[in-house]
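Asker: Structure for the following, please:
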Amino acid sequence: MASGSVSLRRTEPGQLLSFDGKTLNAPFGPGWRILLIGAGQLSRYVAELSVGLGFEVLICDPREGYRHAWPAEQVRFIQGMPDDAVLAVEPDAHTAIVALTHDPRLDDMALLSALKSKAFYVGALGSRRNNDQRRTRLLMLGPSEAEVARLHGPIGLAIGSRTPAEIALSLMAEVVAIRNGVSPRHA
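Answerer: Numbering: from 1, shown residues only. Here you go, the predicted model:
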């Protein structure tokens, strides 16, 4: 800071604005985004944590009854079906996509598009058994085994989550670990 010199260099994943008393680091580039498929109770907790963690929150849920009473300043709704929403947001390496509806008709189609994208995280809510069945269904619909292997499910770190808030915390801990280049440790 004292010299006023400026330099450009590659940043580490997840690097944020920082100042150590001598050097100001200001990373530039695309912001972090999370696309939530589903606007139910769990999505509200995930959205709230995501905003606090610096993510732009995008939500797609074609079910009209699920879209009311969301804080417009914190989230942006993407209209249409979830698979179209995934394509519309053009996921990049700064995008996480999470299917939270528990409805295979909505989740699976979104996941088909998401698994072919550059999203750094693609996950789906559900038990191990449900996710095994989901992987089998997805493989029958065309993606490669390598693409389906990208699917995180069950989502989140194993912290004994029971409530929607705990599941959201578990999910976002996993997403942030991957965003920051850390291999999450599952119990």
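Asker: Which residue ranges of the chain form strands?
Answerer: Using DSSP state E, the strands assigned to the chain run over residues 18-19, 24-25, 32-37, 55-60, 75-77, 95-99, 121-124, 151-152.
Asker: which one of the ones you listed lies closest to L106?
Answerer: L106 lies closest to strand 32-37 among these, at 6.3 Å (CB to CB). (C-beta placed from N, C-alpha, C; glycine too.)
Asker: Which secondary structure elements does the closest one sit against?
Answerer: The contact analysis (3 or more CB pairs under 8 Å, 6 or more residues apart in numbering; DSSP states H and E) places strand 32-37 against helix 41-52, strand 55-60, helix 82-89, strand 95-99, helix 104-115.
Asker: Show me which residues of the longest helix along the chain are buried.
Answerer: If each helix of the chain is counted by residues according to DSSP state H, the longest one is helix 164-179. For helix 164-179, burial by neighbour count (16 or more other CB atoms under 10 Å) applies to 164-165, 167-179.
Asker: Stretch 147-163 now?
Answerer: Neighbour counts over stretch 147-163 (16+ other CB under 10 Å) mark E147, V148, R150, L151, H152, G153, P154, I155, G156, L157, S161 as buried.
Asker: Name the nearest of the residues you listed relative to S18.
Answerer: Distances from S18 to those, taken by CB to CB, are shortest for L157, at 25.6 Å.
Asker: wouldn't the closest one be in contact with R185 here?
Answerer: Yes - shown here, L157 and R185 form a contact pair, counting by CB atoms under 8 Å, at 7.3 Å.
Asker: Could you pull up the contacting residues of L171?
Answerer: V46, V98, G123, I155, G156 (CB atoms under 8 Å, 6 or more residues apart in numbering).
Asker: Any regions of the chain where pLDDT drops low?
Answerer: Across the chain, the ranges flagged by pLDDT under 70 are 1, 10-15, 186-187.
Asker: And G65, how far from G142?
Answerer: 32 Å (CB to CB, to the nearest Å).
Asker: of these two, who's got more company?
Answerer: G142 (10 against 7; other CB atoms under 10 Å).
Asker: Give me the neighbour count for K116.
Answerer: With other CB under 10 Å as criterion, K116 counts 17.
Asker: and it, what are its phi and psi?
Answerer: phi -90, psi 0 (degrees, to the nearest 10).
Asker: what about it, distance to T95?
Answerer: For K116, the distance to T95 - CB to CB - is 13 Å.
Asker: show me the contacts for V75.
Answerer: By CB under 8 Å, 6+ apart, the neighbours of V75 are A47, V51, V57, L58, I59.
Asker: tell me the contacts of the closest residue to V176 other than its chain neighbours?
Answerer: Leaving aside its sequence neighbours, V176 sits nearest to L53 (CB to CB, 6 or more residues apart in numbering; 6.2 Å). Counting by CB under 8 Å, 6+ apart, L53 makes contact with W32, M172, V176.
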